[in-house]
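Colleague: I would like to see how this sequence folds:
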Amino acid sequence: MNWEQEITEKMNGSFDYVKRHQEVKTLRWINGTFLAGDEVIVKQLDKDKRPHFITMEVKGARSTVKTSVENGKPVITLLIRGEGNVAENSFDHRPTLEKIRKKEEQINHTLKHRAENLIAMMQKKYATDIFGFGEEFRRHQYAYWKAHKDEWDDLFAQAEIRVHVQTYLRRFGQCK
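Modeller: Predicted coordinates:
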C-alpha cells in the first residue's frame, strides 16, 4: 500500500475530494486561468517512506495551445508556463542553483503528469472536450473544423495531445 492509499484509508475516503480539487486546479493550468495560488508537489523519499512537499507559490501562469492536422488527425500542442516562489520545501535547507533547477524539473514533471492524466481521462472515459481545444481548431484550422465540427467529440477522443510544461522558481521561502 502506498502513502496515498494509507491517507485515503485513514481519512475514510475524503482524499478523493482532494484529488477532485486537484483535477479542477489542473484544468485551470491547462486553460490558463490559474493565475496565482499555491501548488503543492508531493515527493516521497525512499529511506523514511514519508511524503515530503514542495509548495510553489504561483505568481503567474499561462497556457498556449497550438493546433495542427497531421495525416488527417487533429494534433494539439499545449504549453503550460508558470512562475513563482518556493513557499515551503521539506527537502533541503540549503538551496543551490542546481537544486532549484531540480525542483523546477520535479514541478514540471508533476504538472505534466497531472495534465496528461486529466486529458486522457476526458478523452477515454468521457470523450468530451472540456478544455476548449475545439474552439482553437475553429479559430486556427477553420477548414478542418468546418468539415468535422459535428464529430468533434469523437475526433477529440482520438487526437494526439502533446503537453509541455515550463516552470521557473524565482525565490525561496521557508525551508525545513
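Colleague: Mind naming the longest helix for the protein?
Modeller: For the chain, the longest helix by residue count, based on DSSP state H, is helix 97-121.
Colleague: mind checking how far it is from the chain centre?
Modeller: 7 Å (Cα atoms, centre = their mean, to the nearest Å).
Colleague: Now do it: which elements does it pack against?
Modeller: Counting contacts by 3 or more Cβ pairs under 8 Å, 6 or more residues apart in numbering; DSSP states H and E, helix 97-121 packs against helix 15-31, strand 37-44, strand 51-70, strand 73-89, strand 160-175. Heads up, the C-betas are built off the backbone N, CA and C, glycines and all.
Colleague: What residues sit buried inside the longest one?
Modeller: Put plainly, it is strand 51-70. Within strand 51-70, the residues that qualify as buried by neighbour count (16 or more other Cβ atoms under 10 Å) are 54-58, 61, 63, 65, 67.
Colleague: For Gly132, which of the helices and strands packed on helix 97-121 is the nearest?
Modeller: Distances from Gly132 to each of the helices and strands packed on helix 97-121 were compared using Cβ to Cβ; the minimum, 6.7 Å, belongs to helix 15-31.
Colleague: how about the buried residues of strand 51-70, which pair is most distant?
Modeller: Checking the buried residues of strand 51-70 against each other with Cβ to Cβ, the farthest-apart pair comes out as Thr55 and Thr67, at 33.9 Å.
Colleague: Could you name the residue of the protein that is farthest from its center?
Modeller: Ala147 (31.0 Å; Cα atoms, centre = their mean).
Colleague: and that one, what element?
Modeller: Assessed by DSSP states H and E, Ala147 sits inside helix 142-148.
Colleague: Also Arg138?
Modeller: Applying DSSP H and E as the criterion places Arg138 in helix 133-140.
Colleague: just checking, what packs against that helix?
Modeller: Using 3+ Cβ pairs under 8 Å, 6+ apart as the contact test, the elements touching helix 133-140 are strand 51-70, strand 73-89, helix 142-148, helix 152-158.
Colleague: name the helices or strands packed onto the first one?
Modeller: Judged by 3+ Cβ pairs under 8 Å, 6+ apart, the packing partners of strand 51-70 are helix 15-31, strand 37-44, strand 73-89, helix 97-121, helix 133-140, strand 160-175.
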